[in-house]
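Trainee: Here is a sequence with its predicted model. Questions after.
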Amino acid sequence: MIGSKRQRIAGWILSVLLALFLIGPSAVGKFVEWEGKEEMFQQMGYTQSLMNWIGVLEIAIALLFLVPRAGFVAAILLTGYLGGATATHVRVGEAFFFPILIGILVWIALGLRKPEVFRLAMGFGPSTES
């Protein structure tokens with residue numbers, strides 16, 4: 001089997017922590033009421049209704065990331081989702097490094113779970129030559 005057991009365990013721990021963050025403070029914060037929420041969403045250019053849908057999408061993709069066979073596709077979807085978050089923060093002049101950091105951690109977690117992801121990223125994937 002490829003990769004050590006410790007790497008795979010570390011990858012799963014990181015994956016669960018990332019999913020818990022995306023589902024917990026990130027997505028749930030889009031549904032619960034707190035002071036200044038409406039003004040912040042308006043500044044970003046989003047309505048409360050749209051942010052609810054974004055929260056649902058975030059939860060769905062975070063859960064999908066924890067499904068072993070769907071992890072790769074979910075990492076791609078999370079990359080797109082976090083790219084949108086980055087673009088929003090850049091557009092309104094806020095710090096934008098956090099969604100990028102989360103995206104990097106998503107791929108590290110997946111690579112630890114499935115080391116072939118690292119090999120593919122480094123160009124050492126399966127050969128297409130006969």
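Mentor: Okay, I see it.
Trainee: Send me the host helix or strand of residue 43 as PDB with only the CA atoms.
Mentor: Element membership for residue 43, per DSSP states H and E: helix 37-44. What follows is helix 37-44, C-alpha atoms only, in PDB (Å, rounded to 0.1, in the frame of the first residue of the first chain):
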ATOM      1  CA  LYS A  37     -23.800  40.300   9.700                       C
ATOM      2  CA  GLU A  38     -26.200  42.000   7.200                       C
ATOM      3  CA  GLU A  39     -23.900  45.000   6.700                       C
ATOM      4  CA  MET A  40     -20.900  42.700   6.100                       C
ATOM      5  CA  PHE A  41     -22.800  40.700   3.500                       C
ATOM      6  CA  GLN A  42     -23.900  43.900   1.800                       C
ATOM      7  CA  GLN A  43     -20.400  45.200   1.700                       C
ATOM      8  CA  MET A  44     -19.400  41.900   0.000                       C
END
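Trainee: List the buried residues in it.
Mentor: residue 41 (16 or more other C-beta atoms under 10 Å). Using the backbone N, CA and C atoms, a C-beta is placed for each residue, glycine as well.
Trainee: hmm, who's touching it?
Mentor: Residues outside helix 37-44 that contact it (C-beta atoms under 8 Å, 6 or more residues apart in numbering): 47-48, 51, 88, 91-92.
Trainee: Out of those, the closest to residue 70 would be?
Mentor: Relative to residue 70, the closest of the contacts of helix 37-44 is residue 51; by C-beta to C-beta it sits at 24.9 Å.
Trainee: That closest one and residue 28 touch, don't they?
Mentor: No: between residue 51 and residue 28 there is no contact under C-beta atoms under 8 Å: 11.8 Å.
Trainee: Those two: which is more packed in?
Mentor: For the pair residue 51 and residue 28, the greater number of neighbours falls to residue 51 (19 against 13), based on other C-beta atoms under 10 Å.
Trainee: which element is the more buried one on?
Mentor: Going by DSSP H and E, residue 51 is part of helix 48-65.
Trainee: just checking, what packs against the longest helix seen in the chain?
Mentor: Ranked by residue count and defined by DSSP state H, the top helix of the chain is helix 71-91. In terms of contacts (3 or more C-beta pairs under 8 Å, 6 or more residues apart in numbering; DSSP states H and E), helix 71-91 is packed against helix 48-65, helix 97-113.
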